[in-house]
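Visitor: pasting the sequence and the predicted coordinates here, then a few questions.
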There are 2 protein chains.
Amino acid sequence: MDIYTCIAKRRDTRHFTNEPVPEEILNKAIMAAHHGPSVGLTEPWRFVRVKSEEKREQIKNLFTKASKEAEKSVIEPKTKEKYKSLKLEAILDAPIGLAIFCDHGVLDDFTIGTIGNANTLEWSCACAIQNMWLSLTAEGFGAGWVSIMDYEAFADILEIPKNWKPLGYFCIGKPATDYDGEPMLQNENWKKRSKKPLIIEV
Amino acid sequence: MDIYTCIAKRRDTRHFTNEPVPEEILNKAIMAAHHGPSVGLTEPWRFVRVKSEEKREQIKNLFTKASKEAEKSVIEPKTKEKYKSLKLEAILDAPIGLAIFCDHGVLDDFTIGTIGNANTLEWSCACAIQNMWLSLTAEGFGAGWVSIMDYEAFADILEIPKNWKPLGYFCIGKPATDYDGEPMLQNENWKKRSKKPLIIEV
């Protein structure tokens, strides 16, 4: 698929069909991620595929708890109702669940490019995630990034090394909708995209 | 260009020709960035094009200072020599300089998806950057991400709003080399890519 078509079609998907995701599609997407840029060639991305139903349920519970907490900060009743109506995850219904981490342990030695800002490692992981997302889109599949949860509790559930910091949980599968070709939050009248990015010159 | 070809060809480029970058190429790349995913549809990315030679020189000085500082932490003499020989930026020679920021001011209202980790905003910006990078690659151009500098001093030079946090300075132009189709740091024998990413199952 052409790069621009792919960029335009990529959606944060929360509605999936039951169709399974072939192993080669997942592997291709993870290899696309692995071809992302990484600061100092650290390749700090780590992938944890969550097959355990028990762990998925624990993750779903984390989401539910955090989302209810978030709800409290919404004052306006109409906005609160709208927020409650939004489907913001597909943890139990997406065929594949993938947790992605940034391994801060790669910083043990001298690492080029990480002195200005230690977040550079996480930015590398985010770039890799975008590659993965584009690959899934090109293959007719999709992903939804779940970030509404207690990140420390999330890491605890997955029993990963201490210096792996989570970027989120990804629900992966065949999209049941393309949200009319726009972001779901716009399609649901939650918020509108801006027509142009803000660019200034100095 | 096909998405996989584009992902494979994208390089962190520090060697550019003098060829100017057409305005429409830069605009297309920034619009590709603007089609990135953003947490809660916040679109927190901000672009500052640095045309001022004076400011470019100030940024170059920041790099030089930070890089010399980094050098001190390299103990092994051969590694130190190697580090000193690497070209890690093209601030004064790339035809376009673009600083990219994350506007944390978008968090003023209730924002979906940002309660678990405030870094989600920056991750959105990194995904946008990857889109920009892929677009430039598809058009036969390239970018190099400079992160070796004092980030606070960098923001000060550009006189941007207080809640804009920099992700880095991007040197954009026509690549003078493709580093034999591998990351420059590998091509320079600094470090090798790993053949496969680390995936575990739970």
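Guide: Received the coordinates, thanks.

Visitor: can you tell me the closest non-neighbouring residue to whichever residue of chain A sits closest to chain B?
Guide: In chain A, the residue that lies nearest chain B is residue A:126 (3.5 Å; CB to the nearest CB). Glycine gets a C-beta too; all of them are placed from N, C-alpha and C. Here the nearest residue to residue A:126 in space, its sequence neighbours aside, is residue B:126; by CB to CB, 6 or more residues apart in numbering or on different chains that works out to 3.5 Å.

Visitor: re the thing from before, for residue A:114, see how far away the residue of chain A closest to chain B is.
Guide: Between residue A:126 and residue A:114 the distance is 15 Å, computed by CB to CB, to the nearest Å.

Visitor: neighbour count: the two, which is higher?
Guide: A count of neighbours by other CB atoms under 10 Å in any protein chain shown puts residue A:126 above the other of residue A:126 and residue A:114, at 30 against 22.

Visitor: secondary structure class for residue A:37?
Guide: Three-state call for residue A:37 (DSSP: H, G, I helix; E, B strand; the rest coil): coil.

Visitor: quick check: it touching residue B:130?
Guide: Yes: with contacts counted by CB atoms under 8 Å, residue A:37 reaches residue B:130, the gap being 7.4 Å.

Visitor: can you list residues touching both of these two?
Guide: Common contact partners of residue A:37 and residue B:130 (CB atoms under 8 Å, 6 or more residues apart in numbering or on different chains): residue A:127.

Visitor: could you say which helix or strand holds the spatially closest residue to residue A:167 that is not a sequence neighbour?
Guide: Nearest-residue entry for residue A:167: residue A:100, 4.9 Å, with adjacent residues in sequence omitted and distances by CB to CB, 6+ apart. In this structure, residue A:100 is located in strand A:96-103 according to DSSP states H and E.

Visitor: the very next helix or strand once past that strand: which residues count as buried?
Guide: Following the chain from strand A:96-103 toward its C-terminal end, the next helix or strand by DSSP H and E is helix A:120-138. Within helix A:120-138, the residues that qualify as buried by neighbour count (16 or more other CB atoms under 10 Å in any protein chain shown) are A:120-138.

Visitor: with stretch A:19-26 instead?
Guide: Within stretch A:19-26, the residues scored as buried using 16+ other CB under 10 Å are A:21, A:25, A:26.

Visitor: stretch A:176-196 now?
Guide: For stretch A:176-196, the buried set under the neighbour-count rule, 16+ other CB under 10 Å, comprises A:179, A:183, A:184, A:185, A:190, A:191.

Visitor: least confident secondary structure element in chain A?
Guide: The helix or strand with the lowest mean pLDDT-type score in chain A, counting by mean pLDDT, DSSP states H and E, is helix A:77-85 (a mean of 92).

Visitor: re earlier: which ones are touching the residue nearest to residue A:126?
Guide: Residue B:126 makes contact with A:122, A:123, A:124, A:126, A:127, A:130, B:167, according to CB under 8 Å, 6+ apart.

Visitor: what about 10 Å?
Guide: Residues counted as contacts of residue B:126 (CB atoms under 10 Å, 6 or more residues apart in numbering or on different chains) are A:36-37, A:119-120, A:122-130, A:167, B:36, B:45, B:100, B:102, B:119, B:145, B:167-168.

Visitor: what packs against the longest strand anywhere in chain A?
Guide: Counting residues, the longest strand found in chain A (DSSP state E) is strand A:164-173. Using 3 or more CB pairs under 10 Å, 6 or more residues apart in numbering or on different chains; DSSP states H and E, the elements in contact with strand A:164-173 are helix A:23-34, strand A:45-49, helix A:53-72, strand A:96-103, helix A:120-138, strand A:142-146, helix A:151-158, helix B:120-138.

Visitor: mind putting these into CSV with distance to residue A:83?
Guide: As requested, the helices and strands packed on strand A:164-173 are arranged in CSV below (distance: least, CB to CB, whole Å):
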stretch, distance to residue A:83
helix A:23-34, 30
strand A:45-49, 29
helix A:53-72, 6
strand A:96-103, 24
helix A:120-138, 24
strand A:142-146, 16
helix A:151-158, 21
helix B:120-138, 17
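
Visitor: among these, which comes closest to residue B:63?
Guide: Distances from residue B:63 to each of the helices and strands packed on strand A:164-173 were compared using CB to CB; the shortest belongs to helix A:120-138, at 14.3 Å.

Visitor: picking that back up, from the chain's centroid, how far away is the longest strand of chain A?
Guide: If you compare the mean C-alpha spot of strand A:164-173 with that of the full chain, they lie 5 Å apart, counting by CA atoms, centre = their mean, to the nearest Å.

Visitor: compute the inter-axis angle for that strand and strand A:142-146.
Guide: 140 degrees (axes from the mean of the first three to the mean of the last three CA atoms, to 10 degrees).

Visitor: next secondary structure element downstream of strand A:164-173?
Guide: Sequence-wise, the next helix or strand downstream of strand A:164-173 (DSSP H and E) is helix A:184-187.

Visitor: that following helix: what's the following helix or strand?
Guide: In N-to-C order, the element after helix A:184-187 by DSSP H and E is strand A:198-201.

Visitor: which strands or helices does that following strand pack on?
Guide: helix B:23-34, strand B:45-49, strand B:96-103.

Visitor: mind listing the strands the second one pairs with, and their directions?
Guide: Strand partners for strand B:45-49, identified by DSSP bridges, are recorded as strand A:198-201 (parallel), strand B:96-103 (antiparallel).

Visitor: in CSV: those strands, plus distance to residue A:161 and mean neighbour count.
Guide: As requested, the strands paired with strand B:45-49 are arranged in CSV below (distance: least, CB to CB, whole Å; neighbours: other CB atoms under 10 Å in any protein chain shown):
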stretch, distance to residue A:161, mean neighbour count
strand A:198-201, 39, 13
strand B:96-103, 27, 23
